[in-house]
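In: no sequence for this one, just the structure:
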């Protein structure tokens, strides 16, 4: 096989499928006239291409396109519907509704289990903060006395609940 | 892009839904045939064709018009078919071409029976090709697409398409010879 044969074989596929420009077709044909091997290859490939090309064309079953267009229009309409409506439709399906219920139940149980396993703070910030409110602070900020009393009352309440939880 | 497609596309982006329907009617059979040749059965081909137009409806307003509309639709079709075939481990179900009619009109009864049998063997041979080879063969030999368009659809060079087609034809020749199919 010569280099020219390799070159021609590369063009052959275009030749047998009918896309070689006329000028190149003449060059390929020139080589085929003098090379029996390439000629055989070309003939057999051309026969295969022709066999495929002549193959029957698929035709959809009767009534298919009417149903196809109806289904397509429905799906496009569905895509256009607002998210809320799509969600309601999705939930209306028993399989989807059951799936959603299972996922929700598992999520709630997982969150509940996680909250129960978190330990209460052993040295809460509120306990340490109470020690910082001194008589000196109160006397130096007389105008804030009333607000401070409210704040202190809140701290006492929170600390008590922390102590209660600890005792439990 | 051809003038009619451009006009329909413009109308669709203006909000005329009927323009999209016109495009579907224009291209649905080609899309279906590519899918059916690729997948080998009516049900999968029908699903893919449906999905192609759903995706087209979503993406058409962003279509830049630099390629032919059919090139773009075929690319979606081929990708969906390759994806479906990749997900499914089963071999393509083979049509017996009962739902097919010959291009050249209504043949005589004997020729019809012979033609149907040959058509079935050809379909089986095509189904034995690796998916990308099959896609290129379908686009070239059944859809008559130029190599340049096929390269664009398959995302490769023209040279790759030609080399792949060459390999595909040789494989088909071997299979058809084994099956005893003679040239038409």
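Out: Perfect, I can see it now. All figures in this text were calculated on a predicted structure; none of them were measured in a lab.
In: what's the pLDDT at residue B:128?
Out: Looking at residue B:128, its pLDDT is 86.
In: what's the spacing between it and residue A:49?
Out: Distance from residue B:128 to residue A:49, counting by CB to CB, to the nearest Å: 17 Å. In this view, the C-beta of every residue, glycine as well, is placed from N, C-alpha and C.
In: below-threshold pLDDT in chain A: ranges please.
Out: Chain A contains residues with pLDDT under 70 at A:1, A:17-22, A:55-56, A:81-93, A:119-168.
In: what parts of it come near chain B?
Out: Counting by CB under 8 Å from any CB of the partner chain, chain A comes close to chain B at A:9-10, A:12-14, A:16-17, A:19, A:44-45, A:47-61, A:64-65, A:68-69, A:71-72, A:75-76, A:79.
In: neighbour-wise, which of residue B:128 and residue A:49 wins?
Out: A count of neighbours by other CB atoms under 10 Å in any protein chain shown puts residue A:49 above the other of residue B:128 and residue A:49, at 23 against 15.
In: in what helix or strand does the more buried one lie?
Out: helix A:36-53 (DSSP states H and E).
In: report all helices and strands that that helix contacts.
Out: Counting contacts by 3 or more CB pairs under 8 Å, 6 or more residues apart in numbering or on different chains; DSSP states H and E, helix A:36-53 packs against helix A:3-16, helix A:22-34, helix B:109-127, helix B:158-179.
In: what's around residue B:42, how many residues?
Out: Residues near residue B:42, counting by other CB under 10 Å, number 18.
In: surely it meets residue A:60?
Out: Yes: the pair residue B:42 and residue A:60 qualifies as a contact (CB atoms under 8 Å) at a distance of 7.3 Å.
In: OK, contacts around residue A:35?
Out: Under the criterion of CB atoms under 8 Å, 6 or more residues apart in numbering or on different chains, the neighbours of residue A:35 are A:2, A:4, A:5, A:8.
In: so which of those residues is the most crowded?
Out: residue A:8 (23 neighbours).
In: from residue A:44, how far out is the nearest residue to that one once chain neighbours are set aside?
Out: Leaving out its chain neighbours, the residue that sits closest to residue A:8 by CB to CB, 6 or more residues apart in numbering or on different chains is residue A:31, at 4.7 Å. Look at residue A:31 and residue A:44: by CB to CB, they are 16 Å apart.
In: hey, where'd the strands end up in the chain?
Out: Chain wasn't specified; assuming chain A. A:57-58 (DSSP state E).
In: right idea, wrong chain: chain B
Out: Chain-ordered strands for chain B, with DSSP E as the definition, fall at B:100-101.
In: can you give me the neighbour number for residue B:22?
Out: Neighbour number of residue B:22 under other CB under 10 Å is 17.
In: which residues sit in contact with the spatially closest residue to residue B:39 that is not a sequence neighbour?
Out: For residue B:39, ignoring the flanking residues on the chain, the nearest one in space by CB to CB, 6+ apart is residue B:45 at 5.3 Å. Contacts for residue B:45 (CB under 8 Å, 6+ apart) come out as B:32, B:35, B:36, B:38, B:39.
In: now swap in residue A:113 and tell me
Out: Residue A:113 sits next to no residue when contact means CB under 8 Å, 6+ apart.
In: tell me the spacing between it and residue A:107.
Out: 11 Å.
In: kindly report the same for residue B:5.
Out: Distance from residue B:5 to residue A:107, by CB to CB: 49 Å.
In: do residue B:48 as well
Out: Relative to residue A:107, residue B:48 is positioned 36 Å away (CB to CB).
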